[in-house]
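S.K.: Any chance you could fold what I've pasted below:
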Amino acid sequence: MVAFTHFTPDVFAPHLFEFQRGILAKYADTAIRGACKDEWGFPPCFDGNPAKNDHWFSKWFAAAYAEHTSGRDLVRDALLMTFGERGRQSERQAAINHYMELCRQRNAAIECDFYDAVKATFGPKGIVATHPTWWPYPNVNEIKKNGLDWWASRRDLAQVDEVTPFCARTALAKKWGSPIWYNMYYSSKLADYETSVWTHALGGGRINYHPLFPVPSPPGWSHEVLLRGGMTRGDCRVRLLNFIANAPIDCPVAVVFGHACAMNWAGPGYDDVGMDVASRLWESGFYADLIPSSELADGSLKIDSNGQLRYGSQRYAAAVLYHPEFERPETASLFQQAAKGPTALFRVGEWTKDFDGNPVDERCGLPKAMQAAADSASCAANVVEHLRQAGIVPQEPATGKVGWGKQWTAAPPTKGHCRWLDGTHLWVAGEKDVAGDPIRGTFDVNGHEVTFDGIGVIAVRLDDAGGLAALAAGGLKHFRAGSFEIRLEQPIDLALWRDAAGQMHGAMQDWNGPAPAALSAVTSDWMRLAVPTPILVDSKP
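M.R.: You can find the predicted model right below:
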């Protein structure tokens, strides 16, 4: 054990909240509209080996730990947590649970105070932005950095980073009431951007370009045109969706992973948040939100008035409880309630100990209706079979991949169909041309027939009678829904939507001159959008 001065903020310092607010206050008299914060947390440990990792402490951390554990000594318990001691396995597990929970709660509290401080400094419309992640995958790196607090770190829009799994992106959109999520993305390869424009859109999100790569490059990076014309057009066609996006993508399955178990290196499921189950469900076309069990504590994951498991605006047809070891009784209570409603329940992993490492009765009171599976593959198969029998229509199978190294998860393809929670149906096509491929045909939208001819993007929302409520389309030539029809001699990128009073409004992209008669007949209120000039970078060999 060593003690030294480390030049990083002490997460548990009592003056940290005041210090954070003081930084923001220095800019209160500027025209700044908000503030960003990302990659917050305690100094991380990189190798993932608990026996070799450091356990950081300070006098304030030790005081908080003692209060959290009724007087235990953090320095003494660091030895127990790291190496274990004969006959003290349960005590070791309990110490780890409390240590990691304390880290998560404190980091989340700092993030949420930052949110409140931005609003207090810049007004209620001040934007709080940028992802809370440090490592873009919910694994040991995040566990040791911030207690894997993504879902508790408040933002005005759901935001993630780089190769964050899609199941986490969609869950954060539900948590923060965000119709879309933004992924801070960069790559050294232009092709990755061209793919991601479309996979992000089909998965319910958008790219936050950070930074504009490839730029004058490090050795081994290619020099290319960054936003060549096709990519600019494709990205601008995707942005048309923003005009009509009122709700996030529909994910009928919740994968609820045991937060304590995933963070306990002396337990049965360390560094395992159920990603394999979630990815298998996405691959089958039944999208899943990844949610930690800690979201029960503040009522974010709850049973709604219909008796259905709910997270934000998402109601779940099925839920998987993944590795419930070390959970508290509230988890069993929630799923006992859920068993009385329409959400089908599944489980992977046993529950033999409580949060303090004490033995509990088998399954600790989980409902008998919760179907157990031996592994992730069989669990996912059981969920898919149930959803098919229940008549739930799958969306586009996630045949793509996103990740780094050995951590790859399911991602949508560059062509396909999905639905949003408000009944909007979206088709995207960027498989062959990054500017968008043709989308033509007649499709069923909530029991109504819709015909269209466009390029890259078509999103349609109908009212209960089958009338048009909203439309976003790239290169639109023809659209028909019931008695509503548009025919255009020249294709146009456009969006149409009704306001609360039922009045139609529109946006046309890259169109000069008067609106065509077919569009002026729909509405006289047209916004005009320009397509930016592509950005070029050095093309030297």
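S.K.: mind checking pLDDT for the most centrally placed residue in the chain?
M.R.: A centroid search over the chain (Cα atoms, centre = their mean) returns Arg169, at 1.3 Å, as the residue closest to the centre. Note for Arg169: predicted pLDDT of 98.
S.K.: Now do the one helix or strand it maps to: distance to the chain's middle.
M.R.: Element membership for Arg169 (DSSP states H and E) is helix 166-175. A distance of 3 Å separates the C-alpha centroid of helix 166-175 from that of its chain, computed with Cα atoms, centre = their mean, to the nearest Å.
S.K.: any idea which helix or strand comes after that helix?
M.R.: With elements assigned by DSSP H and E, the helix or strand that comes after helix 166-175 is strand 181-185.
S.K.: so where's the protein shaky on pLDDT?
M.R.: The model of the chain has pLDDT under 70 over residues 43-53, 211-229, 362-363, 534-541.
S.K.: And the contacts of the helix holding Arg169?
M.R.: With contacts defined as Cβ atoms under 8 Å, 6 or more residues apart in numbering, helix 166-175 is touched by 138, 150-151, 155, 158-160, 178-181, 183, 203-205, 248-249, 251, 255, 275, 278-279, 282, 287-291, 295, 300, 311-314, 398, 402, 409-412. Glycine gets a C-beta too; all of them are placed from N, C-alpha and C.
S.K.: can you give me the angle that helix makes with strand 181-185?
M.R.: Helix 166-175 and strand 181-185 are oriented at 140 degrees to each other (axes from the mean of the first three to the mean of the last three Cα atoms, to 10 degrees).
S.K.: what kind of secondary structure is the nearest residue to Glu162 once chain neighbours are set aside in?
M.R.: Distances taken as Cβ to Cβ, 6 or more residues apart in numbering place Pro136 nearest to Glu162, at 4.0 Å, with adjacent residues excluded. Put simply, Pro136 is coil when judged by DSSP: H, G, I helix; E, B strand; the rest coil.
S.K.: ok, which stretches of the stretch 301-450 of the chain are helices?
M.R.: With DSSP state H, counting those that start in this stretch as the criterion, the stretch 301-450 of the chain has helices at 329-338, 376-389.
S.K.: in the longest one, what counts as buried?
M.R.: Of the residues in helix 376-389, those buried by neighbour count under the rule 16 or more other Cβ atoms under 10 Å are Ser376, Cys379, Ala380, Asn382, Val383, Val384, His386, Leu387.
S.K.: My guess is the second one contacts Ala318. True?
M.R.: To tie it back to what came earlier, the one meant is Cys379. No. Shown here, Cys379 and Ala318 do not form a contact pair, counting by Cβ atoms under 8 Å, at 10.4 Å.
S.K.: hey, what's in contact with both of the two?
M.R.: Residues touching both Cys379 and Ala318 (Cβ under 8 Å, 6+ apart): Phe346.
S.K.: Got the phi and psi for the closest residue to Gly436 other than its chain neighbours?
M.R.: Leaving aside its sequence neighbours, Gly436 sits nearest to Gly456 (Cβ to Cβ, 6+ apart; 2.2 Å). Backbone torsions of Gly456, given as degrees, to the nearest 10, read phi 80, psi -50.
S.K.: list the contacts for Gly456?
M.R.: 233-234, 237-238, 428-430, 435-437, 439, 474-475.
S.K.: do the same with Pro514
M.R.: Applying Cβ under 8 Å, 6+ apart to Pro514 gives the contacts Ser520.
S.K.: separation between it and Arg528?
M.R.: The gap separating Pro514 from Arg528 is 11 Å, by Cβ to Cβ, to the nearest Å.
S.K.: and if you look at Val445?
M.R.: Val445 sits 28 Å away from Arg528, going by Cβ to Cβ.
S.K.: Have a look at the two and say which one is more surrounded.
M.R.: Neighbours per residue (other Cβ atoms under 10 Å) separate Val445 from Arg528, with Val445 holding more: 16 against 11.
S.K.: Hmm, that one is touching Ala481, no?
M.R.: Yes. Contact criterion Cβ under 8 Å: Val445 and Ala481 qualify, at 7.5 Å.
S.K.: what's the overlap in contacts for the two?
M.R.: Counting by Cβ under 8 Å, 6+ apart, the shared contacts of Val445 and Ala481 are Val460, Leu462.
S.K.: May I ask you to confirm that Ile486 is in contact with Leu476?
M.R.: Yes. Between Ile486 and Leu476 there is a contact at 7.0 Å, judged by Cβ under 8 Å.
S.K.: Same drill for these two, tell me which one is more crowded.
M.R.: Taking other Cβ under 10 Å, Ile486 and Leu476 do not tie; Leu476 has more neighbours (26 against 22).
S.K.: Distance from the host helix or strand of Leu290 to the middle of the chain?
M.R.: Taking DSSP H and E as the definition, one finds Leu290 inside strand 288-292. Distance of strand 288-292 from the chain centroid (Cα atoms, centre = their mean) equals 9 Å.
S.K.: Just checking: what are the partner strands of that strand?
M.R.: Strand 288-292 has the following strand partners under DSSP bridges: strand 253-257 (parallel).
S.K.: which residues are in contact with the partner strand?
M.R.: So strand 253-257 is in contact with 167, 272-274, 277-278, 281, 286-293, 295, 301, 309, 311, 314, 316-323, 383, 387, going by Cβ under 8 Å, 6+ apart.
S.K.: Same question for stretch 501-513.
M.R.: Applying Cβ under 8 Å, 6+ apart, the contact partners of stretch 501-513 are 236-237, 240, 243, 492-499, 515, 519, 522-523, 525-531.
S.K.: change it to 10 Å
M.R.: 233, 236-237, 239-240, 242-244, 463, 467-472, 474-475, 490, 492-499, 515-516, 519-520, 522-531 (Cβ atoms under 10 Å, 6 or more residues apart in numbering).
S.K.: what about stretch 308-326, how long is it end to end?
M.R.: Stretch 308-326 has an end-to-end distance of 25 Å (Cα to Cα, to the nearest Å).
S.K.: domain ranges for this protein?
M.R.: 1-156, 179-243+413-541, 253-389 (automatic domain parsing).
S.K.: Can you say which of those is packed in most?
M.R.: Mean neighbour count (mean count of other Cβ atoms under 10 Å) peaks for domain 253-389 among the domains of the chain, with a mean of 20.
S.K.: from the middle of its chain, how far away would it be?
M.R.: Distance of domain 253-389 from the chain centroid (Cα atoms, centre = their mean) equals 18 Å.
S.K.: What's the end-to-end length of it?
M.R.: Taking Cα to Cα, domain 253-389 runs 15 Å from one end to the other.
S.K.: And the strands in the stretch 201-350 of the chain?
M.R.: Counting by DSSP state E, counting those that start in this stretch, one finds strands in the stretch 201-350 of the chain at the ranges 205-209, 253-257, 288-292, 301-303, 309-311, 314-315, 318-322, 344-348.
S.K.: could those be laid out in JSON lines, adding distance to Ala108?
M.R.: Below are those laid out as JSON lines (distance: least, Cβ to Cβ, whole Å):
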{"stretch": "strand 205-209", "distance to Ala108": "22"}
{"stretch": "strand 253-257", "distance to Ala108": "17"}
{"stretch": "strand 288-292", "distance to Ala108": "11"}
{"stretch": "strand 301-303", "distance to Ala108": "15"}
{"stretch": "strand 309-311", "distance to Ala108": "17"}
{"stretch": "strand 314-315", "distance to Ala108": "21"}
{"stretch": "strand 318-322", "distance to Ala108": "21"}
{"stretch": "strand 344-348", "distance to Ala108": "26"}
